[in-house]
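*Asks:* coords please:
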Amino acid sequence: MSTLAIWLAAMAAALLIGPQPSRRLRASRSPARGPTWLRPRPGAPTARTRWSLGIGAAVAVGVLLPGWWGLLVGPLVMTGVAVLLGRLEPPTVARARERRINELPQLLDLVAGCLAAGLPLRGAIGVVAETQQGPLAEDLAAVLASLEVGRSESEAWTQLEAVPGWRLVARDIARAAGAGTELVQVLQRHADRARRDRAALAHQRARTLGVRGVFPMAVCFLPAFVLIGMVPIVGSIVFRVLG
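*Replies:* Numbering: from 1, shown residues only. Just a heads-up that it's a prediction; the model follows:
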């Protein structure tokens, strides 16, 4: 079992050292592959961190479990920890995602209104970006920064496809900008869809709030139920038996 621990510790050290910067850059540009449940969520720990922690958990399992059990369970624990950490969503990322969902319809309406008034797409984005705060302002600032360094509008919007809430919008804007298609109707259609997503989020939040409220109510009423309903019954049975 010590051999397994040594090998796993060596793998963890290799992951902590990490690849060269050029390799990391190429890896970050490569598209995500594999099943959806294996892909990390936005904002999740890096692959190096996830697998390092998974290897650490496998080392602990290999040391604690005797015999071949460590060899059998260790790889499963390592993979499970790495996948689970990739599927967890940090609270800051969750708040940013919900804020994008809540504010995206108004932003798309503003951009569509600027385009209908005669502004070009870049000018409309600049005007709307000055009225925004939070994650949407950062997203528009990233698009404007890409345009300033000489990237095309299609390339600048493509980078937002990986951002939660922007995938379909950024893809259609990139296609329309590259083909010279009218964008007002595209943005209005996506604004309507974003409003439906916002309503679905509010409904889901209300259902979650109702489920979360069950436990505090149970904690409050369970002692009263035990004292009023159970104690008299148990007491009467005891008195009859001893009686």
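*Asks:* rest of the way, CA atoms for contacts and neighbours
*Replies:* Will do.
*Asks:* can you tell me the helix or strand for residue 114?
*Replies:* For residue 114, the element it lies in under DSSP states H and E is helix 91-116.
*Asks:* next structured bit after that helix?
*Replies:* Immediately after helix 91-116, counting by DSSP H and E, sits helix 121-129.
*Asks:* next structured bit after the worst-scoring helix or strand of the chain on mean pLDDT?
*Replies:* Ranking every helix and strand in the chain by mean pLDDT, DSSP states H and E puts helix 21-29 at the bottom, with a mean of 39. Later in the chain than helix 21-29, the nearest helix or strand by DSSP H and E is helix 47-64.
*Asks:* Outline the domain layout of this protein.
*Replies:* Listed domain ranges for the chain are 44-88, 93-200 (source: the TED database).
*Asks:* Mean neighbour count, those domains: which tops it?
*Replies:* domain 44-88 (a mean of 19; mean count of other C-alpha atoms under 10 Å).
*Asks:* For residue 65, grab phi and psi.
*Replies:* phi -90, psi 140 (degrees, to the nearest 10).
*Asks:* Quick check: the gap between it and residue 133.
*Replies:* Residue 65 is 52 Å from residue 133, where distance means C-alpha to C-alpha, to the nearest Å.
*Asks:* Can you give the distance of the longest helix seen in the chain from its chain's centre?
*Replies:* Criterion DSSP state H: the longest helix present in the chain is helix 184-212. Relative to the chain's own centre, helix 184-212 is displaced by 17 Å; criterion: C-alpha atoms, centre = their mean, to the nearest Å.
*Asks:* Then stretch 90-97?
*Replies:* Here stretch 90-97 shows a centroid-to-chain-centroid distance of 7 Å under the convention C-alpha atoms, centre = their mean.
*Asks:* and what of stretch 155-163?
*Replies:* Here stretch 155-163 shows a centroid-to-chain-centroid distance of 17 Å under the convention C-alpha atoms, centre = their mean.
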